[in-house]
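**Student:** The amino acid sequence is not available; the structure is as follows:
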DNA sequence: AGGTTCGAGTTTTTT
DNA sequence: ACTCGAACCT
């Protein structure tokens, strides 16, 4: 997939404006940039606001600016902190800057998300926060459990106080930097006073468990800087140049953090686009960017308004849409790109019809215009809309992937496995412990657990301590005591291994395998025949591969560390790279100064990683952190040669030659929850704007007359946003009338192909035959779970093709081609 | 102790 | 249509 490849050949400006300052002399870092881009890149000290419209070369500007600061100005790379919205964006930015720097310079940069920065800082300064470095990060499910515990302790019912509502209130409070006391101080009515009590209790539970939720990561870092001036000084000295991307989606806590870090040197560069602010519901405050010039009256503001991405038509349509937002600063977007095709607005009968139409259309683009599958994306407002289109893509044998990084970790078996690991890494984490204490069943009943917890509370103990000596709980019967003791011994064994373990002798992968085996989890899911899907054990295998992969990355990091050891080595590396980097101008003395800073208080590579990478417990904690902070967008694998499916929110920052937006209907986009609130409706419009502006050449927006919601066929209506698009930019295609004399939904076959007139030609036969040809016996294929395999034989069953495929690891499997996500392996 | 069944709520969007 | 929890059964 072409993620932010903002600047491929075809999207280059045809005639770049001449450089701003000719007297500077030629500079490869600047020569191909436009005036405003150069202005942003060469701005060194003081606040800078870059208002960047979609496709305006924002990423290129940021990466060039980092390179400029390091290479031309001579700023040490470890003084640069670049914050992105997702881990994936961070990785890509680091990669792109790395092309302009030496390897060591690139490594010394800090490029990450707010959350991972904070997770690292919390680890480094854990003692100041009343935590230990092995603290747990709670996801939404863990938070729910903690809230339920709090409600129970306070004798409040989940009926009157739904945990999700309570959590939303707590989250909002934290985003506004309100602790439990401050929140209580602002609560005057009965309901919010009650919430304040829960909040307080919830915090106590997290504290006791040595745990933080997502919001705490930010909140605690803000308090860290506020309450510990020495830490603030240290970090201000470290991060002298701040760059924050997607600034329109920062919340108050992030805003405060950024401003605290920049409070001394004021070298704060923020980039973003108010029209692409789509996370208001998560506490993002669009005013952060709108009022930047008020916060920093001497700020330099640069506007990037030329679009290099989309056709004139697509840009005009998107611009017309966003102009309907009242709360908006006017902005003139323009492009030199060609006019291109009209935006296709398609009305179908129902979601099945919509999916088939879309699949047919994408196939046409692929076959007739040679557009790669990876150049196509399908966006939707809510995740549940992906299912129908998935089925259609699978049936048509079009390769696809879904951007849902969190989905894998949402599976029960994976959550169980992770809970074991978390309970081992952080034995005080009661939420994790409670999840697995009797999973798989090992004779510790809910009643026994309740007794243990009561005992723990009464004697000021942790649950973990009771596992060590269950016999002291007199209220437990012998059988329970034995079961608990047995489990305690297991836990103790793992904890000992992890504490004394050395990653050289015992790899994390080996350890995780050991835990899965000894915990009985593996056997439990292997023998689990009740469930129709036998994927669970495979998923556990995939988790192991994930651990393995993580460990390989760590090993690479260590290797680089060794290589980068001595300064002499660095100079050699520097020279080696000189040939590669024609971009170097003559006066590049800057980088030498950088390498020569013995006073650097931070090791550019290991800082933030509390301790020694060879230690098993450190590895485990880092792995768990990685898992906790994974995002949907991170899951997208570029260049897999597949169509990409994702929510509109996940689409931010990406671009594709072909974009299809599904279910552009009233109630879905804008979502019905935004109906009564004008500002929420404007956010929905921005969301639509974000989706449209991801498209380079082809933009499709579909809607259906009927859509199945909660299993109910419900009438649907095209979105009001569609009516805001200019007529001359769109081509309205009504597919509802074509073959139907009796309205929608007869056989659903009528409009599928030209087969109506062809008499005996079954439309599915074509499909099946195509499949069969593609997967002839002997063909090398790849299955998402079983890996590589070879087709042994093919057989037709009804309208499906059944393939027997031999996999080296899993043996021979019988798969239905239309459903199994088999992919043909192409070799050169 | 542990598994099964039945009903309710569910779908925004995510670090 | 599907998932989760609570009550109910073995």
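**Tutor:** Yep, that arrived. If you're wondering where the values come from, they're calculated on a predicted model, not measured in any experiment.

**Student:** can you give me the helices in the stretch 51-200 of chain A?
**Tutor:** Assigned helices in the stretch 51-200 of chain A, in chain order: A:58-68, A:87-98, A:103-108, A:114-124, A:140-153, A:163-175, A:180-186, A:190-208 (criterion: DSSP state H, counting those that start in this stretch).

**Student:** pLDDT averaged over the last one - what is it?
**Tutor:** Confidence over helix A:190-208, taken as the mean pLDDT, stands at 91.

**Student:** ok, now the shortest one?
**Tutor:** Confidence over helix A:103-108 (mean pLDDT, whole number) is 85.

**Student:** For that helix, name the packing helices and strands.
**Tutor:** Using 3 or more C-beta pairs under 8 Å, 6 or more residues apart in numbering; DSSP states H and E, the elements in contact with helix A:103-108 are helix A:87-98, helix A:567-580, helix A:590-595. Any C-beta I mention is one placed from the backbone N, CA and C, and that applies to glycine too.

**Student:** out of the helices of the stretch 51-200 of chain A, which comes closest to DNA strand B?
**Tutor:** Nearest to DNA strand B among those is helix A:114-124; the distance by C-beta to the nearest atom of the strand comes to 3.5 Å.

**Student:** Give me the distance between the closest one and the centre of its chain.
**Tutor:** 17 Å (C-alpha atoms, centre = their mean, to the nearest Å).

**Student:** and that helix, which residues are buried?
**Tutor:** By neighbour count on 16 or more other C-beta atoms under 10 Å, the buried set for helix A:114-124 is A:114, A:115, A:116, A:117, A:118, A:119, A:120, A:121, A:122, A:123, A:124.

**Student:** near DNA strand B too, which of these?
**Tutor:** Restricting the buried residues of helix A:114-124 to those adjacent to DNA strand B (criterion: C-beta under 7 Å from any atom of the strand) gives A:114, A:115, A:116.

**Student:** Name the residue of the stretch 601-750 of chain A that lies nearest to DNA strand C.
**Tutor:** Among the residues of the stretch 601-750 of chain A, residue A:711 lies closest to DNA strand C, at 3.0 Å counting by C-beta to the nearest atom of the strand.

**Student:** Count the residues that sit near that residue.
**Tutor:** A total of 5 residues lie near residue A:711 under the criterion other C-beta atoms under 10 Å.

**Student:** surely residue A:692 meets residue A:656?
**Tutor:** No. Using C-beta atoms under 8 Å, residue A:692 is not in contact with residue A:656; the gap is 11.7 Å.

**Student:** Pick out the shakiest of the helices and strands packed on helix A:103-108, pLDDT-wise.
**Tutor:** When the helices and strands packed on helix A:103-108 are compared by mean pLDDT, helix A:567-580 comes last with a mean of 37.

**Student:** Helices of the stretch 301-450 of chain A, residue ranges please.
**Tutor:** Secondary structure of the stretch 301-450 of chain A by DSSP H, counting those that start in this stretch: the helices cover A:312-322, A:351-369, A:386-395, A:405-410, A:412-425, A:430-436, A:446-458.

**Student:** Export the helices of the stretch 51-200 of chain A as a markdown table, with columns for distance to residue A:723.
**Tutor:** Shown next, in a markdown table, are the helices of the stretch 51-200 of chain A (distance: least, C-beta to C-beta, whole Å):
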| stretch | distance to residue A:723 |
| --- | --- |
| helix A:58-68 | 30 |
| helix A:87-98 | 34 |
| helix A:103-108 | 49 |
| helix A:114-124 | 38 |
| helix A:140-153 | 36 |
| helix A:163-175 | 33 |
| helix A:180-186 | 42 |
| helix A:190-208 | 40 |
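
**Student:** returning to what we had before: of the helices of the stretch 301-450 of chain A, which is nearest DNA strand B?
**Tutor:** helix A:446-458 (4.4 Å).

**Student:** and the closest one, what other elements does it pack with?
**Tutor:** With contacts defined as 3+ C-beta pairs under 8 Å, 6+ apart, helix A:446-458 has these neighbours: helix A:463-468, helix A:478-500.

**Student:** For residue A:97, see how far away the residue sitting nearest the centre point of chain A is.
**Tutor:** Closest to where the C-alpha atoms of chain A average out (C-alpha atoms, centre = their mean) is residue A:631, at 2.3 Å. Relative to residue A:97, residue A:631 is positioned 21 Å away (C-beta to C-beta, to the nearest Å).

**Student:** can you check residue A:141 too?
**Tutor:** 36 Å.

**Student:** Name the residue in the two with the higher neighbour count.
**Tutor:** Using other C-beta under 10 Å as the criterion, residue A:141 and residue A:97 rank with residue A:97 on top: 23 against 12.

**Student:** Wait, the more buried one touches residue A:67, no?
**Tutor:** Yes. With contacts counted by C-beta under 8 Å, residue A:97 reaches residue A:67, the gap being 6.0 Å.
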